[in-house]
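J.: below: sequence and its predicted model.
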Amino acid sequence: MIRYVKTRYSSKFGYYEADEVIGKSLELYGEYSQFEVDFLLQLLTPESVVYDIGGNIGYQATAFASRAKRVYSFEPNAHNYYLLMNNTYEMSNIHTMNCAVGATNGVIKCVDYNPTIPGNFGSVQVGVESATVPVPLVTIDSLELEKPKLIKIDVEGSEYAVLSGAIKTITEHKPVLFYEAHETKQFREIYKLLKSLGYKLYWAQVNNYNPNNFAGNLINVFGNTALFSIIGVPLEFPDIQLDKVSGPNDSFEKLISRVRARTK
């Protein structure tokens, strides 16, 4: 069942009632991953273009569109894409694409889910054994879109493929890159690639509960859980007051250990 809620960026935003993570957060708090959104919005201007790769049902896209000139949002899963379209159709500066993004053009299989059975509907993967639904696969470089200010990547382990298909775009335009890192199996390869392209990398911890949430809900159902992402910026970009990625063998577990050691 689809339910609707008022969020920071939409008066009527749809989500699946059975979604135990993003849907639950929207239901209780009227927002999702707001620390991440607030951080990235600081980087945007009315002239910015954003590539939202892994758009899910559109919460980040609507947030980016509230400040940026244009948002290109990519989502391969049909159930997620249905809500992505419905949640963004009134915002003329959001352009949605029902496809996966990777290192080559072609076709790839996507994991599907039953939106009536409780689960985490944000954990959709492509190219894995459990994937069954063929979807178009495109590279960012082949699309020749407007110059991006920000590329946000949330693709459940396919980050390296996305970046490999965007090397020309990254080299020419030097956008800020933001990608989830706690699930990637190619951390080392991504580190080496972005370093070779002239990027500085920082850790960004994104807590799942925001005490200053839009709904003013003081009940924290997510506890101390968090996502760990990495922000990459060109070398000429001012330093960011976040922990730097220490090298190709770093991990979010090592980051946690470093933080704990500093606070003892």
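T.: It's in.

J.: burial count for residue 148?
T.: Residue 148: 23 surrounding residues under other Cβ atoms under 10 Å. The way it works is simple: take the backbone N, C-alpha and C, and place the C-beta from them, glycine included.

J.: show me what contacts the closest residue in space to it that isn't next to it in sequence?
T.: Nearest in space to residue 148, with sequence neighbours left out and distances taken as Cβ to Cβ, 6 or more residues apart in numbering, is residue 175 at 4.3 Å. By Cβ atoms under 8 Å, 6 or more residues apart in numbering, residue 175 lies in contact with 51, 147, 148, 149, 150, 151, 169.

J.: can we see that at 7 Å?
T.: Contacts for residue 175 (Cβ atoms under 7 Å, 6 or more residues apart in numbering) come out as 148, 149, 150, 151.

J.: just flag the most distant two among the residues you listed.
T.: Across those, no pair lies farther apart than 149 and 151, at 8.7 Å, counting by Cβ to Cβ.

J.: the more surrounded of the two?
T.: More crowded of residue 149 and residue 151, by other Cβ under 10 Å: residue 151, with 25 against 20.

J.: other SSEs contacting the helix or strand where the more buried one lies?
T.: Assessed by DSSP states H and E, residue 151 sits inside strand 150-153. When contacts are defined as 3 or more Cβ pairs under 7 Å, 6 or more residues apart in numbering; DSSP states H and E, strand 150-153 packs onto strand 49-53, strand 176-180.

J.: tell me the mean pLDDT for whichever helix or strand comes after the last one?
T.: Yep, that's strand 176-180 we're talking about. Proceeding N to C from strand 176-180, the next assigned helix or strand is helix 187-196, under DSSP H and E. Average pLDDT, helix 187-196: 97.

J.: pull the distance from helix 187-196 to the chain's centre.
T.: 19 Å (Cα atoms, centre = their mean, to the nearest Å).

J.: please enumerate residues in contact with the helix or strand just after that helix?
T.: Once helix 187-196 ends, the next helix or strand along the chain (criterion: DSSP H and E) is strand 199-207. Strand 199-207 has contacts (Cβ under 7 Å, 6+ apart) with 33, 35-36, 39, 177, 191, 194, 226-235, 237, 240, 242-245, 255.

J.: can you select the buried ones from these in ChimeraX?
T.: Entered in ChimeraX, the line below selects the buried ones among the contacts of strand 199-207, by 16 or more other Cβ atoms under 10 Å:
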select :33,35,36,39,177,191,194,226,227,228,229,230,231,232,233,245,255
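
J.: distance of residue 92 relative to residue 65?
T.: Residue 92 sits 9 Å away from residue 65 when distances are taken as Cβ to Cβ, to the nearest Å.

J.: the more surrounded of these two?
T.: For residue 92 and residue 65, the more surrounded residue by other Cβ under 10 Å is residue 65, and the numbers stand at 23 against 9.

J.: returning to that earlier point: next step: the contacts of strand 199-207 restricted to strands.
T.: Residues of the contacts of strand 199-207 located in strands (DSSP state E): 177, 226, 227, 228, 229, 230, 231, 232, 233, 234.

J.: find the nearest non-adjacent residue to residue 127, please.
T.: Nearest non-adjacent residue to residue 127, counting by Cβ to Cβ, 6+ apart: residue 108, 5.2 Å away.
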